[in-house]
Each structure stands twice: as structure tokens, then as C-alpha cells.
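K.L.:
here is my input, please return the structure:
(3 chains, ligands or ions: 3)
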Amino acid sequence: MKRTLGTCYYPEHWPTELWAKDAERMVDAGLTWVRIGEFAWSRLEPTPGDLRFDWLDQAIEVLGKAGLKVVLGTPTATPPRWMADKHPDMFAVDVNGNPRGFGSRRHYCFSNAGYRAESARIVELFAKRYGDNSYVAAWQTDNEYGCHGTTLSYSDAALQAFRKWLREKYQTIDALNLAWGNVFWSMEYNDFDQIGLPNLTVTEPNPAHSLNFRRFSSDQVVSYNRMQAEIIRKYSKAPTSHNYMGRITDFDHFKVGDDLDIATWDSYPLGFLEDRVGASVEKQRAYARQGHPDFQALHHDLYRAVGKGRWWVMEQQPGPVNWAPYNPAPLPGMVRLWSWEAFAHGAEAVCYFRWRQAPMAQEQMHAGLLRPDRADAPAMAEAKQVRDEIAKAPDVAPAQAPVAMIFDYDAEAAWAVQPHGAGLSYFCLFFETYQALRKMGLSIDILRPETRDFSGYKVVLAPGLMHMPEGLKQALTQANSVTVIGPRAAARDGEMTIPTPLPPALPGLDVTVDRVESIRPDTPIAMQGGGAITGYREMLVGGAEVGLVAEDGVPVTMSSGNITYLGAWLDQAGMSRVLTPVIEAAGLTALSLPEGLRLRDTATERFWFNYGTEAVAYDGRQFAPASVTRELLPE
Amino acid sequence: MKRTLGTCYYPEHWPTELWAKDAERMVDAGLTWVRIGEFAWSRLEPTPGDLRFDWLDQAIEVLGKAGLKVVLGTPTATPPRWMADKHPDMFAVDVNGNPRGFGSRRHYCFSNAGYRAESARIVELFAKRYGDNSYVAAWQTDNEYGCHGTTLSYSDAALQAFRKWLREKYQTIDALNLAWGNVFWSMEYNDFDQIGLPNLTVTEPNPAHSLNFRRFSSDQVVSYNRMQAEIIRKYSKAPTSHNYMGRITDFDHFKVGDDLDIATWDSYPLGFLEDRVGASVEKQRAYARQGHPDFQALHHDLYRAVGKGRWWVMEQQPGPVNWAPYNPAPLPGMVRLWSWEAFAHGAEAVCYFRWRQAPMAQEQMHAGLLRPDRADAPAMAEAKQVRDEIAKAPDVAPAQAPVAMIFDYDAEAAWAVQPHGAGLSYFCLFFETYQALRKMGLSIDILRPETRDFSGYKVVLAPGLMHMPEGLKQALTQANSVTVIGPRAAARDGEMTIPTPLPPALPGLDVTVDRVESIRPDTPIAMQGGGAITGYREMLVGGAEVGLVAEDGVPVTMSSGNITYLGAWLDQAGMSRVLTPVIEAAGLTALSLPEGLRLRDTATERFWFNYGTEAVAYDGRQFAPASVTRELLPE
Amino acid sequence: MKRTLGTCYYPEHWPTELWAKDAERMVDAGLTWVRIGEFAWSRLEPTPGDLRFDWLDQAIEVLGKAGLKVVLGTPTATPPRWMADKHPDMFAVDVNGNPRGFGSRRHYCFSNAGYRAESARIVELFAKRYGDNSYVAAWQTDNEYGCHGTTLSYSDAALQAFRKWLREKYQTIDALNLAWGNVFWSMEYNDFDQIGLPNLTVTEPNPAHSLNFRRFSSDQVVSYNRMQAEIIRKYSKAPTSHNYMGRITDFDHFKVGDDLDIATWDSYPLGFLEDRVGASVEKQRAYARQGHPDFQALHHDLYRAVGKGRWWVMEQQPGPVNWAPYNPAPLPGMVRLWSWEAFAHGAEAVCYFRWRQAPMAQEQMHAGLLRPDRADAPAMAEAKQVRDEIAKAPDVAPAQAPVAMIFDYDAEAAWAVQPHGAGLSYFCLFFETYQALRKMGLSIDILRPETRDFSGYKVVLAPGLMHMPEGLKQALTQANSVTVIGPRAAARDGEMTIPTPLPPALPGLDVTVDRVESIRPDTPIAMQGGGAITGYREMLVGGAEVGLVAEDGVPVTMSSGNITYLGAWLDQAGMSRVLTPVIEAAGLTALSLPEGLRLRDTATERFWFNYGTEAVAYDGRQFAPASVTRELLPE
Ligand SMILES: [Zn+2]
Ligand SMILES: [Zn+2]
Ligand SMILES: [Zn+2]
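P.N.:
Ligands and ions are numbered 1, 2, ... in the order given. Have a look, this model is predicted:
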């Protein structure tokens, strides 16, 4: 595989005369890909039915003739203003019951039939017109599903669709009442048409109600995307993709990915550190100009799974962004580091967002490869350095990682519905476990929860999987891997009910969660021998072998053979105490990397990344700040 | 009086076959009482008029025959879904104008006439059917009035009822305008029908408007409850009760209690410490697994007053709950300690909530005496220990306490309307005063503000009584007790206006509040000799004898004979300086108990409770952590 | 000019019998002015058309005959309740779409035509009746425009008026689309009637949309006020005024002031320190009873500019107020200090709010010169001291200050729309710059952004002027003053777009902002030699002379001749390093005043104000706490 670079371009923002010059400079900068079109609906159809595709024809031609490959985005993320006149009910509704109206982007409800039909129409127009255009080398459906909290909509369209979804799932209202436990608090329904959306209740709604609404909402995204993908496939052989936003986890990306060829995502390391990583203030300060050392890596691994191996960074931060609470400039060298890190994790392409900073509208303070006055911005030089380094680099040699972690969007939903302790989330548990492995120098594959074949993995981890189908329990406990399950794994059946026998009820492992507690962040429970429980704990009983034990004598881990159940959310020291013996039992080596230094292996190369602002020494090597270091692995 | 134990049971949640076995285990555990029915409406009337009481008949029979006494709750806290079709206007409306809909509980507005009629109908069905059932030994109306902020409703039903209430109170609109001072800011009304609810104003509404709305809202709860109580009394001789929730203070419990025989309340020490005690973070950490050492005691004393001597704990926390920000497990021994503390304060019964943890719906993470799989949960052993200890204990000998504090729900409302300083509340002032007394080892009676006979009390305290009717002023200043009044006592007339002569205008005490200030928490004012003013201060002038003085020379206390006026909110050190001489002047002894140790006297016994996690020594005795110690008092 | 005192009085709050006695005591206290009428509509027109002006006639006569001059306020800030029946659409609507209803004050939308007509009617009634009343010596339109967030209204009336305003401004929808850059995210409109208000969008609206809405909203205030002023002028020769509230900056006070003769403002130093100054907690604690040492001064200088030289304090805090989070009493001496500080800055009059504390309604806890029981409150003695001091003082001799700062309400709006970093505001930048100058002992004039003649000023500062018209750029860079421009100056064109050539593009100064970043408050960037960048930074490039430099080598200031561009928000130490050489280059002396000590010069006198709670020594002088010291300047 050839590593490639690209950028996001908006010909509609600039005079036609500028396009050829821009294309030439893109090629000169070593870019292969140019994504266009995804926000251009108002220029393609300024009033209903008045189609103006000529400029887009011309833009594709200018870019293509210059030697660039076009990724063409369908423009459904930003319907024009006239759409709201045709479909006044098209807007999503927020949790307080207010419509989320026109004036920015993503102003539509996935359940609105009128807007679905309009989307199908415009996608078909795109697909027909450019389906066999040789410059159009890939497709993107919509953009950033779920961004700005747009997965969940409390609209009337959503309500009607939710009732239909429930009717199909449960068939009878008695079945639903039984599954949800609606006898509790007299919440029983007589008919599907009595069911409301789980907002605006006096106190919290039934968690089964909320979880089903989240599953339904995820399904709406999946079916909306499938509609677009199927239309494109009718007319084009070019691969399809969607561009996901970082830490948007409220729909099932794996299921969206099933209908597409490639997964792409947006990597904004500095913006994310400020607005969604959830790092401590100390880390936010230490990495303010570099980003969190593990957050991008996790997403790279996740989208490699979502894309079934084929994935890109579609929007790579090139300088300060406009949307985080604070928007610093990256440390010199970081744009290069981020680019190479994506390649080390197997990216086919890294595209910078955006070509030239726009002087107007919402993102006027978002840096590009060029300044608004067309001069080079600082990122340009780093992009060109990456271009030169790619040219000299050996071919990509992807490899299965030795360690696997199961990531489950449904578990994220279940935890969101019932965190049990303030601030607890599945994503955070997963991310902290991932960080502990990364600090040990391990390369990781992320697996979807439908995985049943774990062959090739020396270690498999399944933290926080609230619901584990029997098949997964069987597969995991019978795998040849060393396996760590928990905490809060198999804690609920498929309907958000505590099963009997009590969790985790894993085949071959005599462990039962007798009781669960959540604890204040300022009252961690020390473990005998070091490390501590934070946030969440299960009291384990049973005949399995006790491993780590809390200072009050309650077991924290219990094992049988290759299977360990972990009954607590641990701090990093505790996580290391659980994982080190597991890693070593699997025949792997657990390193102890210094702060800010990370590595990632391909089949042939080891990449070192120093996210720190200071040089570090490790194992006889010196790593400059904000640096990338490549070594050939011994064959 | 015989001390008794009980539990809350939901036969509708479990297979019929399980009931007899459950009943047998309850009896075996030494339980006397079983509360049922209060959330069961959808099973009793699955569709309008389709009555299915047979299962409840059977449940009562099974439980009764096993030897248990049934407390039967009316199911009005959770109307079924079909009720919303019959009465679409039944919902309360929140302060922002959003209806608080179906999907959890307490989804009704006290002012809705349609729902009142439905409530009367179902209560009459209950009362008629079980009024002379020998197993039904007590009644409960509804459950936890006001929980989840449901006392105040901004619905149209509330608006109409409020106007009617005002018309009855003021007769003419001129009288209302005058009483409220509506000439201010041209707020005068021409007609009662112009009056709105005090939400959604540009800046704060007239405090008289807000206070009247709170008084009205309280009256709506009282009349709704009276309606239920009167129906039950028509058909049954068994005592009636309501089950109140901790620190729900926005309606007048004394007035609700006037229509009932027994007051019961819900004691969730760990949940409360996290979500409503208002303790410092240090205290929240120190008592995370024990609860605040004074919060339960205050409620025990309060509900003894509300129940006119007859009171229970209806829901005693037996393990982690589900609803607090953090939900830790109690320290071993605390379930026993909490049970005995209730008995020491005079409880007739302590009932554990709930019998068995429900695997489904909102409270699936709420511990019970049994686990969801029917095995004993940890609390069961402690409950059985209490059972055994009760059996060996001497008979209960209640006694009037030497110290009384007046608690006024109307003052709580007035402070809520006009705290004057951020975070100041009547409840907190009362609670901090109560704590200061408890640390001195004093047993306390709580009195309602209508009290005029204080005989038998050596000390009476009246902090924060914003409005004091003349009769109360007279009775208090003429009592034989040593009396401490203030701060912020008699500060307003009955209509939230500053009276002339200026407050407190107490007979026989030449003290005037010249001026009032609230201060930042980080700018306490030291007193000469120790202790400090925090939050709120009055500048006292007049001829009475000056007691404590602030460092700037302004008097903090002034006295004449037995009457002291306290003109500031003091920290605990300052409170001790005010109260110690008062206690001693009354011939009582002011102890200085170590952190976490508390005591409570009955006529014949002294109970010691160590809420601490460490053993403490005091006065030659040793107290284990989380322990109860009983001594016979010298006769 | 003669310095005068006054007070705010509400005859409608008190029995008629009391008026003469009150008037006599006012005169005795040395008061010249009495403001009345501004909240009295419901007493003047209790039902529509039923006019009852007789009591106001009488009140004016009683006050006037006693020797007082009346300032008569139009009562439009508090329309009576019946107005809402006549004009149910009169209310402003908040950003969430909720009407802001009756029950307090300022409950009207500036765009509502019905309420405008009612306002014109009542103002005409006032003006006709009292236009030639000799006791009415000045007029006030309405009261505190914008207070309680009432400038921005999201009502339908505002929507319609906004569309009309846009149509007039842009003429064609294409022009608007182009100006706003609506091609971005397909936000293009086909018609003005498609434009909504910039609330309730999915993510942030177009900043050009928001800024235009803020400009429109400001214009609505201006035209509403002009309507009142023009009516009054038809009937009266007495000067007109409006009374502005501190730090209400969301409409253009200069433009309102253009239609009036005098500007007055409300000086509540303690309330402001708690609720709007934005000072650190340490400063809030240190000055809790004195107020911020620079906040009042800034407003004095600002309203001197708004009033084109004629300005008053209309409401001077005399004791604790009721509306701040905490409401402490002022330190003894502060009421006198605040009064003299206003005079030192050129106030014609200082009026205390209010004469007597009201016992009822919203402001019952707001102190006055009298207590509610008519006794003197503590402020009275200080007011009388000021009276005596005025009598002995030399005549006022106003002088142009040596230093000028440009204040631009439109820049405040632009920063509010796009702060770029959390917590950054134009006002704060301006205020911190102003503080740095004040600590150097400088007297400052504030200039409006339309100023083109800077003659007489030795130093001119223009921080944060997001948009600078060419004329201002020319005038500033050609002035004889030493000039400091930036940061974030000329950063946008008039339509909130980044201009090319890139900012600041100042004539004769070769400086370009290459890139902009905002930084976390906990990651300041040190400057070489001392001081630090906080919050906001620009990377400066170009051929101008580099001045201060950040530790990473990026220039912080660049200069040519008398013009310096400052490319960062600096801390006070950094500000001092920028300003000291500038001040000295202009031939002025930069003092270094001790904490809490400030000065202000008139033509003949130097006033020293010690805001501290401790005595301070400076330059051989001793200053008592909370003291005013006057010295004659050498001629
Ligand atoms: Zn994006
Ligand atoms: Zn309860
Ligand atoms: Zn005011």
C-alpha cells in the first residue's frame, strides 16, 4: 500500500479563477486527494429543482486534470434554507423539546421521511452525474453523523418511528412491558401508541426505555447511511466512505461501516484535548500544544476496525482550530508527528483540513495549509516534509496486533443510561485500559463485539461490556488468548435487566458479583500491594482463584486458567498490576515507557512518537520533543 | 411500646408462587410489618374501570396468614399511562413551562381536579375493600409527597387554583396589592384573573408573590392528603400515615400530619450525604459509608413532632442505593446503628427498603435485604441482629427532651424566596444549630411554630423564624425556659414585609436590627474571644445587655433576663460560645463530644452512636467504630 | 460648575402626609435633586385611559416648594399589568424561546410596535403636563435600558423588525449572502423573509448573523430612546438624560447619548464587585466592603464621554444592596469616598439610591439614606459630610486628560460573538488596560470610536477594536499622540470577515498578524525580560521594529515612530512593560501606586482615594483607609 496525503477543499468558497492555481499548489505539495462537495447543496440547487451542477463539473475537471483524485461528499449535512419551507418538520428536537433550527449545520432529524426522500434525491443526482467520472475516486456519505449531539432527536418523527421500531421488535405490548419491567412504578402500557420518548419525565425514565431509544436512534443513522450507500453503489464502482468525528459514540459505527468500504475520521488533537478527552487539568496543560498521547491512537485503531482495515484521516488539524474552549497553535513538528502516527496505525491517507483558511463564517478562525490571503501557513512546510518522507519510506506492511480490545457502542449507551456513579463512562474505562496497554509499549487491535474468532491474539480484553451475548461469553472463554473480562461485564441481559444467575456468569469461571458500589473520586480504595480502586467496585465471591485484593480483603481479580475477571475500575498503577502478569503470561513483554513516549509496530517497522515538550531517553535511544523515530524491526 | 421491624414488598414484581416463601422468610427475620401496594395501580386497574384486585387480596392474605401486619399504600403516586389519555392536563409543569410527563413517578399536579377525582375513586376502592381486613394494620396515603421537586407546579390548573386561593385569602384585589406592596415597579393588578405564577419573569418576582405561591402549593398538598385520609377513615379504623422523604421541606408536614395518625419517613443516610445534606467535602469523605451523624437524628426528631409522637422509619437504607451521585456500600454495622438510632429517638418501627433488590427498571441498583437472585444480602444479618437485640431490650420509655427547637416550614419558604446571600437557607441554619446542640450531648424535641406552651423545656431555640406571630412572641418571651431567638427572627410580617417598629420587636427585649448584611463565605467576621460570623449578620442596637461582640465592636448577642437575641449566623465555635452559657444557665450540662460520637437519651436509657470509622474514647468509655452502646440512666 | 447631591424618591410608596417632611429632611441633608416618577405608571393610569396625575402634580409641588429640583422619569420601564392584556405580544423572548413575562420590570420588547405607541402616548402625557413646570429641572427617559439582559429579544416582533433592518441595510439578499459568507455550510437565503434570529441553531450560528442581530438590537434601543427624547423636547426646555446601569454594554450608549443632554449612571461598587466586575476571588475578598478601585472610575470616564461632558451618578449605593450574591455593608467612609470620586471625575451631581429603604417588594433589602422606619441609616451622616465639604470646596475645573482610550460598543459585540477563547471579552481587555494606566497615576479620557481628532492627547490606546474603519486608522496613525493599537485590532472588516491584506494593515506600520491563538489561563507564555501573555496571542511578522518578545522568540510588540502594535493580551506586569516606555515617550510620568491607592486630577486639584482597608504611605504622604485626600495642583 502507498501512503498518501490530501486536503479538504471548497471550490464554491473561492473565485473560479483560483481553482487551477490551487490545484497546482496541491500537487506541488504532494497531495493525492482532494475532498469536495459535502457542504455545497445551496450552490448546486439554489432553489428547489433549479440544478446548477456545472460549476461542480468544472471544479472536478480542474482538480482531476491537475492530477488530483477527488473524494466527492454528498451534501446532506447542510440542507439549504428552502428545505425548511418544504419540510418544516425536518428539524431534530432537543431533549427539552426545542427544535434545532436552521443557521448552522446538521439541522435534520434522521427519522424525518421528507428529508430522507430529499436526501435520496440529491444523492441520486450526484451518483448519476459522477458515478463514472474518472476523477471521482471515492465517495463520502454526508459528514460527521452525530456531531453536535445530533444522533438523538426528540421530534414527533422520531416518536412515530420509535413506536414502529418497538412494534417490530416486541410484536406485543405485553412483551415490551415484561422486557422492560414496566410493572415497576405502574409504567405498563396498553398500546405501542402510548409510548413516549424518554425525555421530560419527572425523574429518570426506565433505563430499558432509554436504552431502547438509544438503540433505535443508532439504527436510524445506520439506515439513513445505507440508503445513501445503496444509491451510490448503483451508479459507481468507486469506494464509499463516511467521515466520523472523534469521540462521537452514540451510534454504532461498526454497523454504519458494514455498508461502506472505507472509514475516515477527523483528528483534531488539540481541540479534542480541550473539549472531549476528559484528561486531568495537569494533562491538559502538559499536552496543550501536542494533544493527548493516546487519544488519536485509540481512534486510529477503532476506525481501522470500523473500516474493516481500510481507513483514513480525512481531517487532520494543521494549526489552531476555532471551536475548542482554548485554541492554541501546535508545537512545531506536531503536524508531522500526527501524520506519521496515523500511517503507523495503518492509515491509507491523511488529509489536512482545510486547504485555505476561510475568512468568513463559523470557521474563520480555523487554520488551513494556507492563510486566508493565500500565503503558506506554518503547516504547509510540515506537510511537505511528510510528503518527502513518504517517498523515501518502505512500503506499508500492516500486521495483526498481539493484543485486542473489544469496543461496544451498545455498552457505551448502557453506561450513559446508567453510569451508577457520577462521571463514569464506558469510553473512559476503555480509554484508561487502552492507555495502560500503550504505556507498556503494546500495539492494539480493536474488535467489534460480534467478533467470535480471536485467533492470533495473545491477549484479549473486554472491559465494561454491560451485556455479553452467550456466544461472546463462549468464544471469549474458549479462546486461546489470555483474557481479562470486566469490570461491569455481562452485568445486564439484552434488555437492561440484572440476570439470574448473577453476573458475570462466565462459563468455567466461578465468580459472582455479590454487590456493586460506586465511590467518590476522593475516596479511592487502596489495594494490598499497590494501586487503587476508583469510581466503581464489585464485591466478588465464588470459588475461582483470588488474585489482587483490596485493603478491606475483598477480591479485585479472580481467575481460572487463562480467564481473569476484574471487578473494579482501577487507577493506572492498579491497571498495571493487573495487566503486567497477563501480558507476561501471554509471552509478551510489558515495557514501561516514559511519560509522553509511545510506540506502534507494523509488520516491519517500529515507530516511536514523543508527545512531550522535552527530549526523553529510553533504552539507549534519545527522542527529541514532538518527534517521530522509525526503526526497522528485526525480521 | 414494643419496637418492631418491617420491610417494603412488591408482590406484583414477583411470581405468585414466591409470596408464601417470602412471607415465611420475613417472619423468620423477625419482621412485623410489610408495606405493599403503593405503586401497583397499573396491576389493579390495567385499563380504566377494569378492576383486578384479586391478586392484592391474595397477597394480603398470604402475608397476613404468615403472621405479618400489612401497611397498605394507596397507589396514587404512580397513576397508569391510560390516566394521561383521560386527563391530558394532569401533569405538573416545571418552572420553565415544560410539562413533567409520564415515564417515571409522581407525574401529577396537586391542583388538577380530574386527577383528584381519580385519586378519590381509587382510594375509596381501596378503603372499601380493605377497610375491615384484619391483616391491614395501617394505611399509607400516596408516597413521598414533594419528592423530585413535585410540590411546586406551574400548570394552568395550579394557576387557576392559585387565583381562587388568593381571592379567598384577600377578598379584594386592592387588599392584595396593598399586602404585597405592588405599587413597587407598577406591579398592581386590577383583578385576580391578571395574576400569574411567579415564574418566567424578567428578573425576580415580588417575594410576596413567590411566598404566597409556596404557601398555596403547600396547602394543595395538605388538602390532597386530607381528601385521601378522610376517605380511608370512613371505612377503616386502622391508623393512617404518610411516608415523607428526607429534606423535602417545601410543604408543611405538620399540617399534613394533622390529618394522619402516624408519620413515617425514608432514611437513606449515604444517599442523603451525597445529594442533600449540604456537608463540606471533608465530611462527605469522612462519612461516605456512615452518613452524617446528625442528619438522621434531626429527621427522627422532626417526624416525631409531625406524627404527634407516633412515627416510623418506613424506608431504611440497607446497602448501596441507586440514585445518589455516588453509591457506596455502608460500613459493616451501620444498618444496625441506623436502626437503633431510630429506636433511640422513639421510632415505633423500622422497615427496610426493600425486601428484595429488583432486577429491572429504575431502582435495579438499589440494594435490598435480599439480592435479586433471592440470596441474603449483607443487610439481612444486621437486621436479624437488631431483631435479637430488640427482644432482649427493656420496654421503650419515651421522655420529653430538655431542649426544644422550633421548626417552621413557612420560614423555609421565606428564606428560599429571599436568601439574601447565596447559599443561605433556613434548613441549614436550623441544622447547624441542631448540630451544635448534639455535640453538647443534648437530646432535642422539635416543635411546630403553632406551639404556645413550652412548659417542661429548659431551653428553647428559635433560629431563622422569618415571621413570628404576636402570640408566639408572647409565649416564647414569657416561657420559663432560657430562650434564644434569631438570627433573622420576626424579620417580616405575615406578608413578607419589613415591619415597623423594626425587627425583632420582642416584648421585654430592647433590641433592634438596624441593618442587615450577607457576606462572602471567604470573609468571616471574627468575634472578640473566638468564633466567627459567617454568611449573614444583623447590626443590633438598643438598650438590652450586650453579650458577644464582633471584632468591629458590633454586638452579636443581646439579652434581657432569660431571653437572648442572636444577630448572626455563626460557625460551630461561635455557636458553642452562644449556647454553652445558655445551656448551663438552664441547669443542663454541655458536653463536648468527640468527632462522630453522638448520644440520645430516653427516659431510662442513654444510647451512644459512634458514626466514626475509628474507635473513640470518651469519659472513660471506649466506642468501636460504627457501634451502638446502651447504658441505663440513673433513676 | 457647582457640585450637587440628590436622591431617588418614590412618593407613591408613602403616605401623602409624609412628603413634606421628607422634602424638608432632603433639603436639610443638602440635597439639590430628587428623581421621581420612573416606576409609577400603575398609579398614573391604573386602568387604560384612566389618568390620575393629580398625586404627581402634588408631589412635584411639595418637593419643588421645599427647594428641590425634580428629575422626572418617564415610567416606561414598568408598564402596568393591563398593558399585557392590550398587547399580549409586548414581551421580550429569551434565547430559549420563552416569553419574559409580567411580574418584575423591563418586561417589554424594544421592537414591539404596540408598546412603542403606548410609550409615546405616556411620554407625551408627561411632557405636555410638566414640560413647563418650573420644578421639573431635568428629564429621564425610561430607566436602565438593557438591565437584566433585556437588549436582545428573540420575539416575533424582533424577527420582523430584524428582517426589515437587514433589507434596508443590504437591499438585496445576494448582497447579504455575500457579506455574511453564507456559501459556507449552504447557509444562503433566497429571501429576507427566510432569515431567522440567531438562536436555537444546532451549533453556533454565522458570526456575521449574530453580530448583525446585536447591531440591530442596539439600534432598536437607540430609536426607542430617540422617540422619547423627541417628544420631551417638543414640550420642554429642561435637559434630557438616561440612566445607564454599570457594565451593561450590549447597546451603543454613545448613540443613545447623541439624542440626550446628560448621561447618568448607577454606581453600586459592592454589588458590582460581586456580580459583574470579573475580579479574582482575592480581589473580591480584599475589596468586599469598598468595591474595585478602578471599576467606578472607568464608568465615570465612560459616561463623561457618553454625556459629551455632562454626567451624573443617578444611583449611588448607600449601604448593602439586595441583588448581589453577597450583600455586605460598606466600610465606614466609602459612601463619602465614592461620592468624591465621582466629583473628581467631573460629575455634576451624585444622587443616592434611595431616600428611604422600602419595606416591601423586590428591593426591601436595599439600603437607603433612611431606614424603613424613617430613622437615619448610616449613609446619611456621610452624605451630610460630603455636603459640607462641597460647600467649602473650590469650583470645579474640568480638564482634558493626558491619556485617551477608545471604547467601542461594537467591538464588545464582536468579541461576544467570537471570543475565540473561553472567558475572553473586550470589556475585560479594556478594563485591564485601564487598570494598568490607573496604577501609573494617570487620568484618562474615554473616546468614542467615531473620534477623528486626537489633539491634546499625549497617549492614545485602542485595544481590541475588532473593526477599525479606514478613517480611524488614518486619524490614529497620523495623530501627534503616542499610540498603542491592539491586540485584536482591525481584525475584521465591517461584516465580521477577515480582511486581505491581513490585519492590522495600519498605514505606515509594517506588521501582519500571521496567525492567532488562544491559550488556557494556566498556560501563560512568559516574555523575555518579564511579564506574560495570557489568553490571546497573535504571531506578528513584518518589517516594523520589534519591541517586546515572547520566550519563544515571537514578537509581542512592533513599532514605527509613534505607533506601536501590541499583539497579545498581557498580564499587568506585561502591560506595565508595554505602557511605561510609551507614557515616558509622551513626556508623562508613570507612577507606581501602591495597592488600592488611586488618583485623579482636575485642572486644579489632585484627588487621592485609598480603597484599601489599611493605611498606606506613598511619596511622603499618609493615606488613611477608605479615605479621600485633596491637594491643589501647582499652577
Ligand atoms: Zn469537520
Ligand atoms: Zn422511596
Ligand atoms: Zn437601579
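K.L.:
burial of A:Asn133, as a residue count?
P.N.:
For A:Asn133, the count of nearby residues is 16 (other CB atoms under 10 Å in any protein chain shown). Quick note: C-beta positions are derived from backbone N, CA and C, even for glycine.
K.L.:
now do the residue of chain A found nearest chain B, the pLDDT please.
P.N.:
Residue of chain A nearest chain B, by CB to the nearest CB: A:Gly181 (2.6 Å). With respect to pLDDT, A:Gly181 has a value of 98.
K.L.:
quick one, what contacts it?
P.N.:
A:Asn206, A:Ala208, A:Thr497, B:Ala358, B:Pro359, B:Met360, B:Ala361, B:Gln364 (CB atoms under 8 Å, 6 or more residues apart in numbering or on different chains).
K.L.:
how about these in CSV, adding secondary structure, neighbour count and distance to ligand 1?
P.N.:
Formatted as CSV, the contacts of A:Gly181 follow (DSSP: H, G, I helix; E, B strand; the rest coil; neighbours: other CB atoms under 10 Å in any protein chain shown; distance: CB to the ion, whole Å):
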residue, secondary structure, neighbour count, distance to ligand 1
A:Asn206, coil, 24, 36
A:Ala208, helix, 25, 34
A:Thr497, coil, 20, 39
B:Ala358, coil, 23, 44
B:Pro359, coil, 19, 43
B:Met360, coil, 24, 41
B:Ala361, coil, 22, 39
B:Gln364, coil, 21, 39
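K.L.:
just curious, which of these is nearest to ligand 2?
P.N.:
B:Ala358 (12.7 Å; CB to the ion).
K.L.:
stretch A:569-586 and chain B in contact?
P.N.:
No: using CB under 8 Å from any CB of the partner chain, stretch A:569-586 stays clear of chain B, with a minimum separation of 12.5 Å.
K.L.:
list the buried residues of that stretch.
P.N.:
When neighbours are counted by 16 or more other CB atoms under 10 Å in any protein chain shown, the buried residues of stretch A:569-586 are found to be A:569-571, A:574-579, A:581-583, A:586.
K.L.:
hmm, back to that, how much space separates the residue of chain A closest to chain B from chain C?
P.N.:
Distance of A:Gly181 to chain C, computed by CB to the nearest CB, to the nearest Å: 35 Å.
K.L.:
what does A:Asp453 give?
P.N.:
Per CB to the nearest CB, A:Asp453 is found 41 Å from chain C.
K.L.:
burial measure for that residue, as a count.
P.N.:
For A:Asp453, the neighbour count with other CB under 10 Å is 9.
K.L.:
which residue, other than its chain neighbours, is closest to it?
P.N.:
A:Ala475 (7.4 Å; CB to CB, 6 or more residues apart in numbering or on different chains).
K.L.:
the one you found and A:Arg452: what is the separation?
P.N.:
For A:Ala475, the distance to A:Arg452 equals 4 Å [CB to CB, to the nearest Å].
K.L.:
the longest strand along chain A - contacts with which helices or strands?
P.N.:
The longest strand of chain A (DSSP state E) is strand A:532-541. Strand A:532-541 sits against strand A:512-518, strand A:525-526, strand A:568-570, helix A:572-585, with contacts defined as 3 or more CB pairs under 8 Å, 6 or more residues apart in numbering or on different chains; DSSP states H and E.
K.L.:
mind putting those into JSON lines with distance to A:Ala505 and mean pLDDT?
P.N.:
Putting the helices and strands packed on strand A:532-541 into JSON lines (distance: least, CB to CB, whole Å; pLDDT from 0 to 100) gives the following:
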{"stretch": "strand A:512-518", "distance to A:Ala505": "8", "mean pLDDT": "98"}
{"stretch": "strand A:525-526", "distance to A:Ala505": "25", "mean pLDDT": "98"}
{"stretch": "strand A:568-570", "distance to A:Ala505": "18", "mean pLDDT": "98"}
{"stretch": "helix A:572-585", "distance to A:Ala505": "21", "mean pLDDT": "98"}
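K.L.:
a markdown table for the ones you listed, including distance to C:Arg488?
P.N.:
Formatted as a markdown table, the helices and strands packed on strand A:532-541 follow (distance: least, CB to CB, whole Å):
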| stretch | distance to C:Arg488 |
| --- | --- |
| strand A:512-518 | 45 |
| strand A:525-526 | 50 |
| strand A:568-570 | 44 |
| helix A:572-585 | 41 |
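K.L.:
can you redo those as a markdown table with distance to ligand 3?
P.N.:
Supplementary listing: these in a markdown table, determined by distance: least, CB to the ion, whole Å:
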| stretch | distance to ligand 3 |
| --- | --- |
| strand A:512-518 | 48 |
| strand A:525-526 | 55 |
| strand A:568-570 | 53 |
| helix A:572-585 | 55 |
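K.L.:
make a markdown table out of the ones you listed and add distance to chain C.
P.N.:
Output for the helices and strands packed on strand A:532-541, formatted as a markdown table (distance: least, CB to the nearest CB, whole Å):
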| stretch | distance to chain C |
| --- | --- |
| strand A:512-518 | 29 |
| strand A:525-526 | 30 |
| strand A:568-570 | 27 |
| helix A:572-585 | 22 |
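K.L.:
next, the contact list for A:Asp85, please.
P.N.:
A:Asp85 neighbours (CB under 8 Å, 6+ apart): C:Gln194.
K.L.:
and the stretch 201-350 of chain A, which of its residues are near chain B?
P.N.:
Those residues of the stretch 201-350 of chain A that sit near chain B, judged by CB under 8 Å from any CB, are A:Thr201, A:Val202, A:Thr203, A:Glu204, A:Pro205, A:Asn206, A:Pro207, A:Ala208, A:His209.
K.L.:
ditto for the stretch 451-600 of chain A
P.N.:
A:496-502, A:514-520, A:522-523, A:539.
K.L.:
out of those, which are buried?
P.N.:
The neighbour-count criterion (16+ other CB under 10 Å) marks A:496-499, A:502, A:514-520, A:523, A:539 among these as buried.
K.L.:
for the residue of the stretch 1-150 of chain A found nearest ligand 1, which non-adjacent residue is spatially closest?
P.N.:
Nearest residue of the stretch 1-150 of chain A to ligand 1: A:Glu144, at 5.5 Å (CB to the ion). In this structure, A:Glu144 finds its nearest non-sequential neighbour in A:Met245, 4.3 Å apart by CB to CB, 6+ apart.
K.L.:
thought the one you found was touching A:Gly271?
P.N.:
No: using CB atoms under 8 Å, A:Met245 is not in contact with A:Gly271; the gap is 10.5 Å.
K.L.:
who's more crowded, those two?
P.N.:
Set A:Met245 next to A:Gly271 and count neighbours by other CB under 10 Å: A:Gly271 wins out with 24 against 20.
K.L.:
how close does the more buried one sit to C:Ser518?
P.N.:
12 Å.
K.L.:
and for A:Tyr135?
P.N.:
Counting by CB to CB - A:Tyr135 and C:Ser518 are separated by 39 Å.
K.L.:
and for A:Arg438?
P.N.:
Distance from A:Arg438 to C:Ser518, by CB to CB: 30 Å.
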